[in-house]
Structures are given as C-alpha cells and as structure tokens.
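**Student:** With the input below, show me the fold.
(2 chains)
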Number of protein chains: 2
Amino acid sequence: MLVYIAGSGAMGCRFGYQISKTNHDVILLDNWADHIMAIKENGLKVTGDTEDLVKLPIMKPTDATEEADLIILFTKAMQLPNMLQDIKKIIGKKTKVLCLLNGLGHEDVIRQYIPEHNILMGVTVWTAGLKGPGHAHLEGVGSVNLQSIDPNNQEAGHRVTELLNEAKLQATYDENVLPNIWRKACVNGTMNSTCALLDCTIGQLFASEDGVNMVHEIIHEFVTVGKAEGVELDEEEITKYVMDTSVKAAHHYPSMHQDLVQNQRLTEIDFLNGAVNKKGENLGIDTPYCRLITQLIHTKENVLSIK
Amino acid sequence: MLVYIAGSGAMGCRFGYQISKTNHDVILLDNWADHIMAIKENGLKVTGDTEDLVKLPIMKPTDATEEADLIILFTKAMQLPNMLQDIKKIIGKKTKVLCLLNGLGHEDVIRQYIPEHNILMGVTVWTAGLKGPGHAHLEGVGSVNLQSIDPNNQEAGHRVTELLNEAKLQATYDENVLPNIWRKACVNGTMNSTCALLDCTIGQLFASEDGVNMVHEIIHEFVTVGKAEGVELDEEEITKYVMDTSVKAAHHYPSMHQDLVQNQRLTEIDFLNGAVNKKGENLGIDTPYCRLITQLIHTKENVLSIK
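**Tutor:** Residues are numbered from 1 along each chain as shown, chains lettered A, B, ... in the order given. The predicted model follows:
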C-alpha cells in the first residue's frame, strides 16, 4: 500500500517511521519548511526507545500527486479542512482515510471531501515528541482503535488494522469506536483547557479540591451531550479513567498548555469543550462549563494576539 | 466624634486623611508593621491631586482601647472577621460601624459582632493607591452611598453622611443602598476575576467578543440572584454601567489581578462570584459561570501556594 501521513508532526512521524519498517510505502506530508528540509537532507532522526536515522520521502501536501491507498490524518484539528483541500490530487475512489486527530466532530468535515465508505475514525494513546526539525523522540507504548464509519464496509477497517499491526502500532478493529474517541476528548477537555488557563501541570490541577470539582462538572457535560448523540458513555468509567490519567501524567503540561502558554499557538478548544457546547446547543442541552472554558481560552488567544 | 479606620490600606488612608482635615479625631488601625512604623515616624505622606504630610495616630487593631463613635471598615473581605474580633475593646453600645468593603454578604458577618441598629452599609467609588509604607497616592473624585440597615435608626446614617461630607467625601444617604452595593460587586465580579485569570487589562478583556459574552452571562447570574434576594436590580442599567466602566478603566489591571498575579495574595473571590454562587445555591438558582470562575481562581491560588 502507498500510505501518506497528512500532518507529520510528532505523532505523524511516529506512525510514518513505524510503517516505513514494513513492506508498505510511506510518504510524509507537512507544511513546516525547516522540518521538510531537515528530513530531505538528513533523513528522520529517531531517539528515545530506539535510536535510528531513516530516509523517508517528505513533501508539502500540495506537491503530492500519486494516488493514495491510505491517508492517515494527523493534523491539528483546525488545520484539517485546509489539509483535505490540499491533498485532493491523491484522493482516489479507493483511497481510505483514517482520522486520528484529537477532538470531536471531524467526521463531519471529512465527509465533505471523502465518500463515507472510505472513512475510518480512530483514536490512539501513543505519544511522541519533536525535539526539532526532523527529529522525533519516541517513548512508551500505546495502541490504536479504529472503525469504518460505514457499517457495510468494515473490510477496509480490518485491512488498515492489519497494516498498523504490521507496523507494531497495536491496532484493534473496534466495533464501537466512538465511546473511545469521546473518552479521550473528555480527558483533553478536562485537563488541557484548564491547565492551559491556569498555567499548571495536571498534578497541580488535581491537587486542588476545586480543580477536581471542575473536572467532575466538565465530565458530566461531555457525558450528557455524548449520550444524547447516541454514544454509549459510562460517566463512572470515564471519571475513573480521567483520574487514573491524572496520576500517570501528573508532572506533564498538557498539549494545549504547550500551544497556548509555551508557544502562543491557536488551541484546539473548538474541537473539545467548544464542540461539546455547540453540540449541546443543537440538542437543547446547556453546557455552561464547556462554554465558559471555550470563551476564556478564546479570550486568552485574543489577549496574546494569536491568529 | 472619634473615628477609627479599621484597615488602613490605600482607601483607609484616603478616608482617614480627609476626615483628619475636619474637627473629628481619626485613628488608623492596621496590621502592616512597616506601614505603622513609617506613619508613626514620618506621618502619612500624600501625593497625587494634593501634596501633604500629616501626623496621624496609627496602631495595631488590638492596641486600640478608647471607645469609638464611628468605625469605618476597610479591610480586605476575608480579613473582616479577624478585624472585628481584634477591635472588640473599642466597640461600645453607641459605636456606629460603617462597612465600605468590596463584595457581598458582609452584613451577615458584622451582625455577629455589632447590634443591627448600629450597622451602616455603604459603597464607594473613590479610588486610591499605596506607593509604599506610609505613602498614599490620591487621584480623581468619587462618592459614597450609605444606609442604616435598621429602618428605625436612619438618624445614625444621616449623622455619618454629614461627617463624611465635612471631609469632602461626597456622601449621600441612600434610602436603598443595596442595589449600589450589588452593582459595584457586579463590576468586580465581571472584570476582576476574569482579568486575574487571563492576566490581562480590562480593555483586553472587552476587546474580545468571547470576553464580552462571558461578561453578559456573569451579569445575568448576579442580577438573577440579587433579584431573588429582593434587591432591586436592572440588568440593562447594570450592563450599561459595566460597559461604561470598561471603557474608562480600559488600561487598568483590576485589584484581583494585583492580588493574584502581581502580589500572589489571596483574592476576594468568595465575596464576589463565590458569594453569588453560594446565595444561588441557597435559593435553588444555578450559577455555573460564577461557580466555575470561583473554582478556577481558588485552583490558581492553590497552584501558586497562596494561603
């Protein structure tokens, strides 16, 4: 198969690197000029659990021309429409598209570019970091869950699952992937936005009784809206999962903190708390915690003149 | 009259200074050792609209012994119970107590120490700054509104109003002071807490559409709870007042920003948004914006290890 990684940041590099070790072909797509140049000149440098240097083709999305068998979407949430627009040339009738973005509601965007029977939605708990242009740092283990959104085309999902497993990415074909996507969004919606606002680590957030109370109210809004959309969510199980994650990741600043506070980049808030509030509005469910958090993050983006 | 200023920060110094220019006697009370020493040694230095240096008695609250005719309360909200405890010796049967603290609900605390017929509640829009120990900086003009909370003892309120007007403090005896107290609390509850959280000026908050939307929701919660408590509040009028204030004070960081961000001191959040949420809970009115803002501020206090 010819596999494109659409959005080759840290996670895209991990998946691209691991797939490059199989018999499939991988092409990385990205818009960061220094990153493209570094990988073209020196290859992709990998450190962490493995040390490696691999030659991998990389180019701008608009420069890709050969029809894809599989495209794995790994952009930041707000870059998705532009990416799908830029890669139109490589999307053929049989091209499968696997979305592994953070957040909620991406299937609605993807449907505008890809026929439903070719869309796979997934979620991963692998992690990765970029140490600089062309340098991915890969530690720890993870997994991927994915599903064809067209119930009549499960076969495509199974084939992609196989491919990811050849690349040792621990993939599972999931008969009901949506609860997993929502669960991860709920982790991000409780910790990322609040730690970004409060400029604190996950451990600092959960060390405060008020912090934990906020988290419970946010989880409740996510679960209420998700259930109303027909997603099978168990509030108790999700709460336990969030609490366990908060212990494991206590010393980390979540990715939205990195975006907003450390790098002054736009956040993915509209695809987390903002998405829940918007879905809630459409369903007639009030979600004031998600709404206020979204407003606070956007106001902060504005204060920092991030566009 | 013998007037004590209980809490002689910037505002207490303004009132103490202006009253010292009348025929009444003033004693400043405060717990800041450097401030007491500076004023004892050099007098109170006044700059701004007037340049002056005045001898004024100042002591710790627990050192005051002579019975007061009037005590003007000007502590930070959370210091009020300790102050009332510390000044028990100067509270006689005829001692009037005027509360000019920011925030809501102080009358409930004061009632535990002072008989109702001696309590006056008020609100002021005078401003003042401290440039250092013993140095008050006074600019601009303001006014005071006040009322006896015992309808059978309006006379006391009128006498205190007269005294404040001798001191050119532009006081008005207000037949219905509660709406004014709530209006000021609403200004503080919309701008102070949010600007402290977002580390921004009032102008930056209101420059963002999301910021203005938050403000509207917070005002709505204040007005809903206030009205349910029987306070005559006009949401449209308060909104206009908040908007006008935001233009006049656009370049300022509000006092809670000074407390939390600049000086890492405990905030008055429990007497602003927190008070509205607590009153709301007692009345069966949900106030999620006030509750979440209170939780965020307390979590931030905890992150900064402020106690």
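
**Student:** What separation is there between the residue of the stretch 1-150 of chain A found nearest chain B and residue A:102?
**Tutor:** The stretch 1-150 of chain A approaches chain B most closely through residue A:78 (15.9 Å), counting by C-beta to the nearest C-beta. Every C-beta, even on glycine, is put in place using the N, C-alpha and C of the backbone. Distance of residue A:78 to residue A:102, computed by C-beta to C-beta, to the nearest Å: 11 Å.

**Student:** Would you mind telling me which of these two has more residues around it?
**Tutor:** Under the neighbour definition other C-beta atoms under 10 Å in any protein chain shown, residue A:78 and residue A:102 were set side by side, and residue A:102 has more, 23 against 15.

**Student:** And the pLDDT for the more buried one?
**Tutor:** If you check residue A:102, the pLDDT there is 93.

**Student:** likewise residue A:149?
**Tutor:** For residue A:149, pLDDT reads 94.

**Student:** Disregarding residues adjacent in the polypeptide, which is nearest to it?
**Tutor:** Nearest non-adjacent residue to residue A:149, counting by C-beta to C-beta, 6 or more residues apart in numbering or on different chains: residue A:119, 5.0 Å away.

**Student:** secondary structure class for the residue of the stretch 1-150 of chain A closest to chain B?
**Tutor:** Under DSSP: H, G, I helix; E, B strand; the rest coil, residue A:78 falls in the helix class.

**Student:** again with residue A:226
**Tutor:** Residue A:226 ends up helix, using three-state DSSP.

**Student:** mind listing what it touches?
**Tutor:** By C-beta atoms under 8 Å, 6 or more residues apart in numbering or on different chains, the contact list for residue A:226 reads A:179, A:182, A:233, A:276.

**Student:** one more time with 7 Å, if that's ok
**Tutor:** Residue A:226 makes contact with A:182, A:233, according to C-beta atoms under 7 Å, 6 or more residues apart in numbering or on different chains.

**Student:** quick revisit: against residue A:117, how distant is the residue of the stretch 1-150 of chain A closest to chain B?
**Tutor:** Applying C-beta to C-beta, the value for residue A:78 to residue A:117 is 26 Å.

**Student:** same thing with residue A:16?
**Tutor:** Applying C-beta to C-beta, the value for residue A:16 to residue A:117 is 25 Å.

**Student:** more crowded one of these two?
**Tutor:** residue A:16 (28 against 13).

**Student:** so which strand or helix has the nearest residue to that one once chain neighbours are set aside?
**Tutor:** Nearest non-adjacent residue to residue A:16, counting by C-beta to C-beta, 6+ apart: residue A:5, 4.3 Å away. Residue A:5 is part of strand A:2-6 when elements are defined by DSSP states H and E.

**Student:** With residue A:53 instead?
**Tutor:** Here residue A:53 is assigned to strand A:52-54, by DSSP H and E.

**Student:** who does that strand pair up with?
**Tutor:** strand A:44-48 (antiparallel) (DSSP bridges).

**Student:** List the buried residues for the strand it pairs with?
**Tutor:** A:44-46 (16 or more other C-beta atoms under 10 Å in any protein chain shown).

**Student:** do stretch A:278-294 as well
**Tutor:** Those would be A:278-280, A:285, A:287-294, for stretch A:278-294 by 16+ other C-beta under 10 Å.

**Student:** Check stretch A:166-173 too.
**Tutor:** For stretch A:166-173, burial by neighbour count (16+ other C-beta under 10 Å) applies to A:167, A:169, A:171-173.

**Student:** Now residue A:147. Nearest residue, chain neighbours left out?
**Tutor:** The nearest residue in space to residue A:147 (C-beta to C-beta, 6+ apart) is residue A:177, at 3.8 Å.

**Student:** burial of residue A:196, as a residue count?
**Tutor:** 25.

**Student:** helices and strands around the host helix or strand of it, which ones?
**Tutor:** Element membership for residue A:196, per DSSP H and E: helix A:178-198. Secondary-structure packing of helix A:178-198 (3 or more C-beta pairs under 7 Å, 6 or more residues apart in numbering or on different chains; DSSP states H and E): strand A:119-124, helix A:202-206, helix A:209-228, helix A:235-248, helix A:255-257, helix A:273-283, helix A:288-303, helix B:288-303.

**Student:** now with 6 Å?
**Tutor:** Contacts defined by 3 or more C-beta pairs under 6 Å, 6 or more residues apart in numbering or on different chains; DSSP states H and E place helix A:178-198 against strand A:119-124, helix A:202-206, helix A:209-228, helix A:235-248, helix A:255-257, helix A:288-303, helix B:288-303.

**Student:** And the average pLDDT for the helix or strand just after the first one is what?
**Tutor:** Scanning forward in sequence from strand A:119-124, with DSSP H and E defining helices and strands, the next element found is strand A:129-132. Over the span of strand A:129-132, the pLDDT mean works out to 94.

**Student:** tell me what the helix or strand just after strand A:129-132 is packed against?
**Tutor:** Later in the chain than strand A:129-132, the nearest helix or strand by DSSP H and E is strand A:135-138. Helices and strands touching strand A:135-138, by 3+ C-beta pairs under 6 Å, 6+ apart, are strand A:44-48.

**Student:** Need the contact partners of the strand it packs on.
**Tutor:** The contact list for strand A:44-48 (C-beta atoms under 6 Å, 6 or more residues apart in numbering or on different chains) reads A:17, A:52-54, A:56, A:134-139.

**Student:** ok, the residue nearest to residue A:149 - how many residues close by?
**Tutor:** 24.

**Student:** how close does it sit to residue A:184?
**Tutor:** For residue A:119, the distance to residue A:184 - C-beta to C-beta - is 18 Å.

**Student:** can I assume residue A:173 is in contact with residue A:155?
**Tutor:** No. Contact status for residue A:173 versus residue A:155: not in contact, 10.2 Å apart, counting by C-beta atoms under 6 Å.

**Student:** what separates the strand holding residue A:53 from the chain centre, distance-wise?
**Tutor:** A distance of 25 Å separates the centroid of the chain from that of strand A:52-54, by C-alpha atoms, centre = their mean, to the nearest Å.

**Student:** Next secondary structure after it?
**Tutor:** Next element after strand A:52-54 (DSSP H and E): strand A:58-59.

**Student:** Pull the residues that contact that following strand.
**Tutor:** A:28, A:36, A:39.

**Student:** Identify those among those residues that sit within helices.
**Tutor:** A:36, A:39 (DSSP state H).

**Student:** wait, residue A:167 sits on residue A:22?
**Tutor:** Yes. Using C-beta under 6 Å, residue A:167 makes contact with residue A:22 at a distance of 5.2 Å.

**Student:** which parts of the stretch 151-300 of chain A sit against chain B?
**Tutor:** Neighbours of chain B within the stretch 151-300 of chain A, by C-beta under 6 Å from any C-beta of the partner chain: A:198, A:200, A:204, A:208, A:210-211, A:213-214, A:288-289, A:292, A:295, A:298-300.

**Student:** which of those are buried?
**Tutor:** Buried members of those, counted by 16+ other C-beta under 10 Å: A:198, A:200, A:204, A:208, A:210-211, A:214, A:288-289, A:292, A:295, A:298-300.

**Student:** So in terms of bridging, what pairs with the residue nearest to residue A:16?
**Tutor:** Residues in beta-bridge contact with residue A:5 (DSSP bridges): residue A:28, residue A:72.
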